[in-house]
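Undergrad: kindly return the folded structure for what I paste below:
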Amino acid sequence: MASNDRATRGPTEYESAASTSPSAVAEFDQHHQTLVHKIQHALHQTPSLVPLIVLMVSILIFGILLGSKFFSPFALTLILQQVQIIGIVAAAQSIVILTAGIDLSVGAIMVLSSVVMGQFTFRYGLPPEIAVICGLICGTLCGYINGFLVAVVKLPPFIVTLGMWQIILATNFLYSANETIRSQEISELAPFLQFFGNKVNIGGAIFTYGVIFMVVLVIVLAYCLRQTAWGRHVYAVGDDPEAAQLSGVQVKRTLISVYMLSGLICAFAGWALIGRIGSVSPTSGQLANIESITAVVIGGISLFGGRGSVLGTLFGALIVGVFTLGLRLLGADAQWTYLLIGLLIIAAVAVDQWIRKVSV
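TA: Below is the predicted model:
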């Protein structure tokens, strides 16, 4: 009788749960996957989102630890002044990496351009304005050589720019005879060379023209990359150069233009460098190539090309500046800055790989 009752009652609670659990798990997995894909899609559509969040969290943490000492207009604008050179060079590095390339010669081009500006003024007696134009042409020419070797001769960007880094560095020392043009001489005879070092006070915050140039440069590049045909070609070449070629994109011309623009921007960075340090020194900016790549990677631009935002590069440079100043104000050893930045680099590459894996 009991067995008949059990048969007429239908499945037990355990059996019912067992029978419905697969669908429940499936629904949970589907919801989980949907959430993951939503996050991946958001990061893919807005590459600068992650570095922006990291930047805001970093500012908040150091603000809590240091209070008004960190949140003062002086401290915040000091960060901008410290990262202005790397920010400009990183903008140049960004457009190269977007094409799935890399430019290890950006720092050397920057310094050589500044040396040309100084030497043409003081050695040859040219007006500073003409000397600056010559320096800008020098940087653009170096970029053209890089672009020609990469696009036309088909050499790997890493090898080309590594070799050019050594060549330009040697040319810089040989041409300048390793002599520094002092700040006092420049300020007295050619103050135009220090133009980007001039400061303007806005509501207690002190900005240099170099900082203003960096911000304007990033905004202009961001617009050109997103809203112009040239910018879309840059992304297309970085994503798949063969498909871009079949779509009618002039891949060689695009690559050459990218490296030439990178060289020109580095030359502007050389001019800003003179304003920043006051002098023309052939030994300055030796780590600019590594620091620019650091800002680009932390800023969320993929080293595989075709994805990222130059705005994220600015955030990446600011993150480095925030960590550097914040830890310095806390009295921490400088090595902690390198340790944390190293972790950020690895984390940024891991996030990029995760986004690519999920999007497949």
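
Undergrad: list of residues touching stretch 268-276?
TA: For stretch 268-276, the external contacting residues (C-beta atoms under 8 Å, 6 or more residues apart in numbering) are 81, 84-85, 88-89, 92, 109-115, 117-118, 132, 135-136, 139, 186, 193-198, 208-210, 213-214, 217, 280, 284-285, 288. All C-beta atoms are positioned from the backbone trio N, CA, C, and that covers glycine.

Undergrad: from those, which would you call buried?
TA: Buried subset of these (neighbour count, 16 or more other C-beta atoms under 10 Å): 81, 84-85, 88-89, 92, 109-115, 117-118, 132, 135-136, 139, 186, 193-197, 208-210, 213-214, 217, 280, 284-285, 288.

Undergrad: show me those that map onto strands.
TA: Counting by DSSP state E, the part of the buried ones among the contacts of stretch 268-276 found in strands is residue 208.

Undergrad: and the helix or strand where residue 57 lies, what does it pack onto?
TA: If you go by DSSP states H and E, residue 57 is part of helix 49-66. If contacts are counted by 3 or more C-beta pairs under 8 Å, 6 or more residues apart in numbering; DSSP states H and E, helix 49-66 sits against helix 13-45, helix 68-71, helix 310-329, helix 334-359.

Undergrad: swap in 10 Å and give it another go.
TA: Where contact means 3 or more C-beta pairs under 10 Å, 6 or more residues apart in numbering; DSSP states H and E, helix 49-66 is packed against helix 13-45, helix 68-71, helix 73-98, helix 288-298, helix 310-329, helix 334-359.

Undergrad: ok, which of the ones you listed comes nearest residue 256?
TA: helix 73-98 (11.7 Å; C-beta to C-beta).

Undergrad: okay, angle between the closest one and helix 288-298 too, please.
TA: Here helix 73-98 runs at an angle of 90 degrees relative to helix 288-298 (axes from the mean of the first three to the mean of the last three C-alpha atoms, to 10 degrees).

Undergrad: got the buried residues for helix 73-98?
TA: Across helix 73-98, burial judged by 16+ other C-beta under 10 Å covers 75-77, 79-98.

Undergrad: starting at the chain centroid, how far to the helix holding residue 57?
TA: The chain centre lies 18 Å from the centre of helix 49-66; the measure is C-alpha atoms, centre = their mean, to the nearest Å.

Undergrad: can you pull the contacts of residue 152?
TA: Residues counted as contacts of residue 152 (C-beta atoms under 10 Å, 6 or more residues apart in numbering) are 252, 255-256.

Undergrad: try residue 158
TA: By C-beta under 10 Å, 6+ apart, the contact set of residue 158 is 101-104, 150.

Undergrad: please repeat the previous calculation with a cut-off of 6 Å.
TA: residue 102 (C-beta atoms under 6 Å, 6 or more residues apart in numbering).
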